[in-house]
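Asker: Here is my input, please return the structure:
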Amino acid sequence: MDILFYGFIVFLFAAVILGIEGVYLWWVSTHGASAQRIARRLQLMSGNQGRSAERISILKSRRFGRHDLVDRLLQRFRFAHRLDRLLVQSGIAWSVERFLLCSVATMLVATYLVMQWPMPLPVRLAIVLLCVHVPLLLVRRARLRRLVRIEEQLPDAADFIARALRAGHSFSNVLQIVGNELPEPLSGEFRIAREEINYGVPLGEALHNMAARIPLTDLRYLVIAILIQRETGGNLAEILSNISHIIRGRLRLAAQVRVLSAEGRMSAWILGLLPFAVGGMLVLVNPTYVKVLWTDPLGVNMLWTALVMIIIGVIWLKKVIRIHI
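Answerer: Residues are numbered from 1 along each chain as shown. Below you'll find the predicted structure:
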């Protein structure tokens, strides 16, 4: 009986492992990077433009809302334009109206949840304000991740453009090739620039628009080199190869700095979040024990002093571990 049981366990374990491996191989063969690259090349060979058939809006200004009244109202405010620029740079297909509705919904849900717990009014206001900023923090995080991904792709894009130029392609065709061959999100920006040129936008303006959508210094160097070469002449392929080498060196140095400052960043997170985590646990476990901090005047003063010291410490640590390259 024991031999049959252990044999069943072994075969069951092997079946689960083989099943997981089969699902993984199926996913890689149908949705992996190599499968997508082969599909794009087959589309190009068959005459279908594939991703290059993407179209952009020919309107000069983006709409901030689906309704005309909301759009005209939001167009008057400067913060709406900054939000729209942030959404474009993050790659999230949201309008300003949808973002504001999401923020308001988050505020209402946070207000309802906070009213269910016995807390002082300043703490409730602080929690509600923090929850209101959650959508903005998520958008900023998406923007940062997208810009980091684009920055990592820039050296390969510069080398790709240099090789295509050495092969005899025109720069307009190079934009189309880069938009079809390189992975997202950088390829999408090159496709947008290509479509703007097709709509009649001058090449310099299309490249400046791409630099405005991607606020990276390395990309601006790339755009400036291309525009100067078109005005004065020169070996653009060699210039792009040198820029690619410089970008790779800077990214390598930034990675080393990030590794060396990892301990400081982790210390900043732990020291900043530990008081709030301990306070939340005490509120859940023994509320009457912690209640003195916001019912007694001395406790309130201690809370404000601790909050100010935590903010100063986090800002100081952030300045110490942030090294600009």
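
Asker: All the helices of the stretch 201-325 of the chain, residue numbers only.
Answerer: 203-213, 217-232, 236-260, 262-285, 287-290, 292-295, 297-321 (DSSP state H, counting those that start in this stretch).

Asker: count of neighbours near Gly280?
Answerer: 11 (other CB atoms under 10 Å). Placement of C-beta: from N, CA and C, glycine included.

Asker: same thing with the one 3 residues further on?
Answerer: Taking other CB under 10 Å as the criterion, the count of residues near Val283 is 17.

Asker: Would you confirm that it contacts Val290?
Answerer: Yes: at 5.5 Å, Val283 counts as touching Val290 under the criterion of CB atoms under 8 Å.

Asker: what sits in contact with each of these two?
Answerer: Listed contacts common to Val283 and Val290 are nil; contacts here mean CB atoms under 8 Å, 6 or more residues apart in numbering.

Asker: Now do the top helix by length along the chain and helix 203-213, the angle between them.
Answerer: Selection of the longest helix in the chain by residue count, based on DSSP state H, yields helix 134-166. If you take axes from the mean of the first three to the mean of the last three CA atoms, to 10 degrees, helix 134-166 sits at 140 degrees to helix 203-213.

Asker: Show me what the next helix or strand after helix 134-166 is packed against.
Answerer: Sequence-wise, the next helix or strand downstream of helix 134-166 (DSSP states H and E) is helix 171-181. Counting contacts by 3 or more CB pairs under 8 Å, 6 or more residues apart in numbering; DSSP states H and E, helix 171-181 is packed against helix 33-45, helix 134-166, helix 186-198.

Asker: and Phe77, which of the ones you listed is closest to it?
Answerer: helix 134-166 (15.6 Å; CB to CB).

Asker: Report the angle between that closest one and helix 171-181.
Answerer: 130 degrees.

Asker: Does anything pack onto helix 134-166? Which helices or strands?
Answerer: Helix 134-166 packs on helix 78-90, helix 96-114, helix 171-181, helix 186-198, helix 217-232, helix 236-260, going by 3+ CB pairs under 8 Å, 6+ apart.

Asker: Now do the longest one: distance to the chain's middle.
Answerer: In terms of CA atoms, centre = their mean, to the nearest Å, the centre of helix 236-260 is set 21 Å apart from its chain centre.

Asker: swap in the fifth one?
Answerer: Helix 217-232 has its C-alpha centroid displaced from the chain centroid by 25 Å (CA atoms, centre = their mean).

Asker: Could you figure out how far that helix is turned away from helix 203-213?
Answerer: Using the same axes, to 10 degrees: helix 217-232 against helix 203-213 is 170 degrees.

Asker: likewise the longest one?
Answerer: Counting by the same axes, to 10 degrees, helix 236-260 lies at 0 degrees to helix 203-213.

Asker: hmm, who's touching helix 236-260?
Answerer: Against helix 236-260 from outside (CB under 8 Å, 6+ apart): 151-152, 154-156, 158-159, 161-163, 165-166, 171, 218, 221-222, 225-226, 229, 323, 325.

Asker: mind redoing it with 6 Å?
Answerer: Contacts to helix 236-260, defined as CB atoms under 6 Å, 6 or more residues apart in numbering, come from residues 154-155, 158-159, 161-162, 165-166, 218, 221-222, 225, 229, 323, 325.

Asker: List the buried residues in that helix.
Answerer: Leu236, Ala237, Ile239, Leu240, Ser241, Ile243, Ser244, Ile247, Arg248, Leu251 (16 or more other CB atoms under 10 Å).

Asker: Check the fourth one too.
Answerer: Judged by neighbour count (16+ other CB under 10 Å), helix 186-198 contains these buried residues: Leu186, Ser187, Gly188, Glu189, Phe190, Arg191, Ile192, Ala193, Arg194, Glu195, Glu196, Ile197.
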